[in-house]
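Participant: My questions concern the predicted model and sequence given below.
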Amino acid sequence: MGVATPVPVLARPLAVVPLPKERPLEAPPREAPADEKPDAKSDAKSADAPPVAAAPAPPPPSACRLALTDAIAIAPSIPPIVGPGACGGDDLVRLEAVVLKDGKRVPLKPAATLRCKMAAAVADWVREDLAPLAEGLSSTVAELDNFDSFDCRGRNRIAGARLSEHGKANALDVRGFRLSGGQMISLTERNVDRGLREKVLASVCARFSTVLGPGSDWYHEDHIHLDLAERRAGYRMCQWSVYDPLPQIAPLMPAERPAEAPPREEEVAKDGKKE
């Protein structure tokens with residue numbers, strides 16, 4: 001058999017594809033495909049739909065908020081509290097510390113949730129009254145003991161009782177204050193200097209509309225309640241009895257045994273021997 005001779009294949013020239021003519025400027029616009037055409041019904045619904053209401057702007061700062069600057073207190077604003085029930089309030093702050101006139105800070109431990117006006121009253125009390133009292137003791141106020149501030153509850157924590165000012169963020173319970181040397185001044189302790197406690201009593205009764213302490217009821221024997229409750233004709237309530245220190249009574253000693261008393265019987269131990 002002979003070897004097959006390959007037959008050369010001639011390459012065909014590439015065909016020239018004609019390009020579309022340029023669209024004249026005066027040509028009408030092309031129609032969009034059916035699936036891309038806008039729905040006239042949906043456009044009509046959008047036109048008839050009411051405009052979406054914009055979120056209401058936050059209220060401007062109150063006069064109290066503008067006055068309670070960082071030079072007076074560290075008290076950042078917090079959102080209003082609404083409920084449960086009638087509890088809550090607006091124009092609220094978290095009173096973290098009072099700033100004294102020399103720039104020193106007196107922290108509240110823990111920080112108190114209060115209405116701005118109540119926080120401002122507490123700050124003024126610490127700056128104008130407590131600080132000078134501490135200076136009279138050759139010291140400075142270093143800390144305020146916050147026993148309670150905002151708390152949604154009835155008065156004296158009694159179920160069904162009238163809403164407490166604590167439930168309105170309009171009250172502060174204070175047990176005492178600490179001096180820079182570490183000494184704790186407990187306002188309800190009878191062994192604390194009576195004159196000092198009377199000065200504190202006069203200062204809080206001049207600034208707050210309600211002051212409750214020992215002697216007011218059985219619910220305020222270990223702390224002082226302060227609030228700015230609004231009453232008819234500006235009626236104020238100041239009920240805090242500053243008691244005298246308890247007398248120092250020496251323990252009773254047993255009377256001397258008279259000489260004519262009979263001798264004491266000796267106890268007999270378990271082994272039969274006298275002790």
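Facilitator: Good, I have the coordinates.
Participant: would residue 125 count as being in a helix?
Facilitator: Yes: secondary structure assignment places residue 125 in a helix (DSSP: H, G, I helix; E, B strand; the rest coil).
Participant: Show the pLDDT at the residue lying closest to it once chain neighbours are set aside.
Facilitator: Nearest residue to residue 125, sequence neighbours excluded (C-beta to C-beta, 6 or more residues apart in numbering): residue 207, at 5.3 Å. Glycine gets a C-beta too; all of them are placed from N, C-alpha and C. Note for residue 207: predicted pLDDT of 98.
Participant: got a list of what residue 207 touches?
Facilitator: Listed by C-beta atoms under 8 Å, 6 or more residues apart in numbering, the contact partners of residue 207 are 121, 124, 125, 129.
Participant: Count the neighbours of the third one for me.
Facilitator: Meaning residue 125. By other C-beta atoms under 10 Å, 22 other residues sit near residue 125.
Participant: pretty sure it contacts residue 203?
Facilitator: Yes: taking C-beta atoms under 8 Å as the definition, residue 125 is a contact partner of residue 203 at 6.4 Å.
Participant: Mind checking which residue lies nearest the centre of the chain?
Facilitator: For the chain, the residue nearest the mean C-alpha position is residue 113 (2.9 Å; C-alpha atoms, centre = their mean).
Participant: Next, the contact list for that residue, please.
Facilitator: Residue 113 neighbours (C-beta under 8 Å, 6+ apart): 78, 81, 92, 93, 94, 95, 149, 150, 169.
Participant: quick one: which of the residues you listed is nearest residue 215?
Facilitator: Top of the list for closeness to residue 215, among these and by C-beta to C-beta, is residue 149 at 23.2 Å.
Participant: got a pLDDT number for that closest one?
Facilitator: 98.
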